[in-house]
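Peer 1: structure, please.
(2 chains)
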Amino acid sequence: MLRFTAIIICGIAGLIILVEFFFRIPLFTKLQNGMMDWVIILLSFSYLMGGISIFLSHLQRIQRKYDGWYYSLVLVVCLLLMVTLGIFVDYGPNGAFQWLFKNVQNPMQSTMFALLAFYVSSASYRAFRVRNLHATLLFVAAVLVMIGKVPIGEILWSKFPEISQWILSVPSLAAQRALTIGAALGLIATGLKTLLGIERSWLGK
Amino acid sequence: MVRKVKPIWEALGKLDRRWVYLFVSLSILFPLLFPLNLPLTVTKHVKAVYDRIENLPDTSAVLIAFDFDPSSIPECLPMAISLCHHVMKSGKVLIVYTNFPETGPIAERVLEPLAAKFQREYGKHYVNLGFKPGNDVLLMALGSSWTTSFPKDFRGNSTQEMEIFSRFPSYRHLSFMVDVAHGATVDFYITIGLAQFGVPLAAGVTAVSIPQYEAFVQTGQLVGLLGGLKGAAEYEKLVGTKGKATRGMDAQSVAHLVIIFFIFLGNVSVVRNIILKNISAMRIKK
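Peer 2: Model prediction:
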C-alpha cells in the first residue's frame, strides 16, 4: 500500500509539472510553485543530512581505528571548526571563516584540479601512439586541437585555429549531438516509466 | 653483469613520467615569470557575447551565474570578472547568484572592487544573492520571483526592499544571462531559462566542456561561448583589461607545445617499427 501511495504521489507531481510546462494553467502554476518551494526546502535539509552523515561515518572510523583514521580525524576537526566559525563566530567577509575559506579551501581545491594537467600530459605521452588508423586519427585530431587552441598555434600557421575549430564544429559535434539526443531520448523514456510506475527502482527494496 | 642499454628510440617511448612532469612544470613557470606577450585573436563566439551585452539598453538587467567552485577558479574566475566588469562598466543592472555553496564569497570578492571602480550602488545597480540549493528547481521557482526564493541576499540584507527587484521581479525580466560554469548547469538554463522563460543565454565553460556546448551555439540556443582560459583571455582583451587569463595564455601555449613534443617523442619507436615492417614486407615480396 505504501509503495502504491508513493507511486501515485510521484505520478501526480510529475503530471502537475508537465501540464504547467505545456499549458500554463494558473492553478497548476500555483501548485508547481508550491512544489518547487518544497523541493528547495528538502534539498536544504539534505545538505544538513549529508553533513551529519559524513561526520558520523568518519567519527566511527576514528573510534574503530580503521586504516587512515587520522585523515578522518582531520576531516572531523575541520568540519567542526568551519561549522563553529560560520554559525557562532563570524561569517562576514573579514571573519575567520572566510579567511580559512579563501586561504585554505580555495588553494587546496585549485591545486587538486591543477594536478590534472600533469596527469593529462603523462597520459597523452603514453596513449597517443599511432599503432593503427583509429589511433592515428585520434593523435592527429588531438595535436591539431591542442595547437589551434592557443595563440602560438596561430603564429606558427594561421590556419591552425580554423582547422581546430572545424574539428570541434563538425566531426566532434556530430558525435556529441548523437550522444546528447540519445541521452535525451533515454531520459524521456525513464521519466515516463517513473511517472507511470513502471520504473520502481527509486523506491528501494 | 652487463647492463643492457635500450636503443634510444625505445627509451624515448618509455621515459619516466617525472621527466614529463618536470618539463610541463618548467613550460608553465617560465612564461609566467617572463611573459612572451603572444598576440591573441578574438573568436566570433566570444565577440558575440560581448556584442550582446554591449548592445543591450542601459535599462536592462543581466544575470551572471557563478556556477563553479574553487577547483575551476583558474579558468572560470577570469571569465566571471571580465563579464561583471563589462556589465558594470556599460551601466546595466547586474544580478549574481550561484548553484555552488562555496562560491558566494568568491562572487563578493569580484563585485566589491568593480562596484567601487564604476561607482555602482548595491541593491540598486547590482546584487549578490549568494547560494541556494535546488539547481533546476530553483531556476523554475525564480521564474515567478527572486525575492521568494532569496528572501535575503549573500550579505544578509532583505531583498524585498531592494530597488533592483522592484524593477526586475523575476528571472523572466532579465534581458540576458551568462552561466560561467564548470559543470552541467548550462543545460538547465537552456531547457528552463531559455525555453520556458525566453531569456537569451550565453555560457562560459571550462575547456573540457567546449565540445559539449558547441552544439548549442550552432543551434542558436547559446548566443556565444567563452571556452576555457583562452575564452577568458579573449574577453579580457575585449573589455580592455590584462588579467590572469591573458597572462596565463603564454604559459598554456608553451605547455601545449611541450605536451605535443612529448607525444611525438613517444611515437618515434612506433613509427620506426612501422617503417621497418614495411621495408621487410617489400623485401619478401621482391
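Peer 1: got the CA positions of stretch B:202-218 in CSV?
Peer 2: What follows is the C-alpha trace of stretch B:202-218 in CSV, where atoms were taken according to Å, rounded to 0.1, in the frame of the first residue of the first chain:
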residue,chain,number,x,y,z
ALA,B,202,25.5,32.5,-23.2
ALA,B,203,27.9,30.3,-21.4
GLY,B,204,31.5,30.5,-20.1
VAL,B,205,32.8,26.9,-19.6
THR,B,206,36.0,25.1,-18.9
ALA,B,207,38.0,23.9,-21.9
VAL,B,208,36.9,20.3,-21.5
SER,B,209,33.3,21.3,-21.8
ILE,B,210,33.7,23.2,-25.1
PRO,B,211,32.7,20.3,-27.4
GLN,B,212,29.6,19.6,-25.3
TYR,B,213,28.3,23.2,-25.6
GLU,B,214,29.5,23.9,-29.1
ALA,B,215,26.3,22.2,-30.3
PHE,B,216,24.1,24.7,-28.6
VAL,B,217,26.0,27.6,-30.2
GLN,B,218,25.4,26.1,-33.6
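Peer 1: and that stretch, how far out from the chain middle?
Peer 2: Stretch B:202-218 has its average C-alpha position 9 Å from the chain's average C-alpha position, going by Cα atoms, centre = their mean, to the nearest Å.
Peer 1: ok, stretch A:69-84 next?
Peer 2: With Cα atoms, centre = their mean as the basis, stretch A:69-84 stands 24 Å off its chain's centre.
Peer 1: residues in contact with residue 147?
Peer 2: This is for chain A. A:Ile147 sits next to A:Gly153, A:Leu156, A:Phe160, A:Ser164, B:His256, B:Leu257, B:Ile260 when contact means Cβ atoms under 8 Å, 6 or more residues apart in numbering or on different chains. Every C-beta, even on glycine, is put in place using the N, C-alpha and C of the backbone.
Peer 1: not quite, I wanted chain B
Peer 2: The contact partners of B:Thr147, by Cβ under 8 Å, 6+ apart, come to B:Thr159, B:Gln160, B:Phe165, B:Pro169.
Peer 1: cool, A:Leu100 as well?
Peer 2: A:Leu100 makes contact with A:Leu81, A:Met82, A:Leu85 under the criterion Cβ under 8 Å, 6+ apart.
Peer 1: quick one: buried ones out of these?
Peer 2: Neighbour-count burial within the contacts of A:Leu100 applies to A:Met82, A:Leu85; the criterion is 16 or more other Cβ atoms under 10 Å in any protein chain shown.
Peer 1: which among the contacts of A:Leu100 gets closest to chain B?
Peer 2: Ranking the contacts of A:Leu100 by separation from chain B, with Cβ to the nearest Cβ as the measure, puts A:Met82 on top at 11.0 Å.
Peer 1: low pLDDT regions in the chain?
Peer 2: No chain was given, so I picked chain A. In the predicted model, chain A carries pLDDT under 70 at residues A:205.
Peer 1: please refer instead to chain B.
Peer 2: Those would be B:1-4, if you go by pLDDT under 70 across chain B.
Peer 1: tell me the domain ranges of it?
Peer 2: Using automatic domain parsing, the domain ranges for chain B come out as B:8-34+B:253-285, B:44-242.
Peer 1: ok so, going back, how about the contacts of A:Ile147, which pair is most distant?
Peer 2: Comparing every pair within those by Cβ to Cβ identifies A:Ser164 and B:Leu257 as the most remote, at 14.3 Å.
Peer 1: name the helix or strand for the residue nearest to the spatial centre of chain A, please.
Peer 2: Relative to the mean C-alpha position of chain A, the nearest C-alpha, by Cα atoms, centre = their mean, is the one of A:Phe113, at 14.4 Å. Here A:Phe113 is covered by helix A:106-127, with elements defined by DSSP states H and E.
Peer 1: I'd say B:Val217 and B:Gly227 touch.
Peer 2: No: distance between B:Val217 and B:Gly227: 9.8 Å, which falls outside the contact criterion (Cβ atoms under 8 Å).
Peer 1: tabulate the contacts of B:Thr147 (a markdown table), appending distance to A:Ala184 and secondary structure.
Peer 2: As requested, the contacts of B:Thr147 are exported to a markdown table (distance: Cβ to Cβ, whole Å; DSSP: H, G, I helix; E, B strand; the rest coil):
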| residue | distance to A:Ala184 | secondary structure |
| --- | --- | --- |
| B:Thr159 | 35 | coil |
| B:Gln160 | 39 | coil |
| B:Phe165 | 34 | helix |
| B:Pro169 | 32 | coil |
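Peer 1: can you turn the buried part of the residues you listed into a PyMOL selection?
Peer 2: Selecting just the buried residues from those in PyMOL takes one command, with 16+ other Cβ under 10 Å as the test:
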select buried, chain B and resi 159+165
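Peer 1: what about the helices in chain A?
Peer 2: Secondary structure of chain A, counting by DSSP state H: helices at A:2-23, A:26-63, A:69-84, A:96-100, A:106-127, A:133-148, A:151-156, A:160-169, A:171-195.
Peer 1: now do the stretch 101-250 of chain B
Peer 2: When assigned using DSSP state H, counting those that start in this stretch, the helices of the stretch 101-250 of chain B occupy the ranges B:104-118, B:136-142, B:146-149, B:163-167, B:185-188, B:210-218, B:228-239, B:244-285.
Peer 1: any chance of those in JSON lines, plus distance to A:Lys193?
Peer 2: Conversion of the helices of the stretch 101-250 of chain B to JSON lines gives the following (distance: least, Cβ to Cβ, whole Å):
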{"stretch": "helix B:104-118", "distance to A:Lys193": "38"}
{"stretch": "helix B:136-142", "distance to A:Lys193": "20"}
{"stretch": "helix B:146-149", "distance to A:Lys193": "31"}
{"stretch": "helix B:163-167", "distance to A:Lys193": "40"}
{"stretch": "helix B:185-188", "distance to A:Lys193": "21"}
{"stretch": "helix B:210-218", "distance to A:Lys193": "26"}
{"stretch": "helix B:228-239", "distance to A:Lys193": "38"}
{"stretch": "helix B:244-285", "distance to A:Lys193": "45"}
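Peer 1: for stretch A:116-126, buried residues please.
Peer 2: Neighbour counts using 16+ other Cβ under 10 Å place A:Ala117, A:Phe118, A:Ser121, A:Ser122, A:Ser124, A:Tyr125, A:Arg126 of stretch A:116-126 among the buried residues.
Peer 1: now the nearest residue to the first one once chain neighbours are set aside: which helix or strand?
Peer 2: This points to A:Ala117. Spatial nearest neighbour of A:Ala117, excluding adjacent residues (Cβ to Cβ, 6 or more residues apart in numbering or on different chains): B:Val24 at 6.7 Å. Taking DSSP H and E as the definition, one finds B:Val24 inside helix B:17-33.
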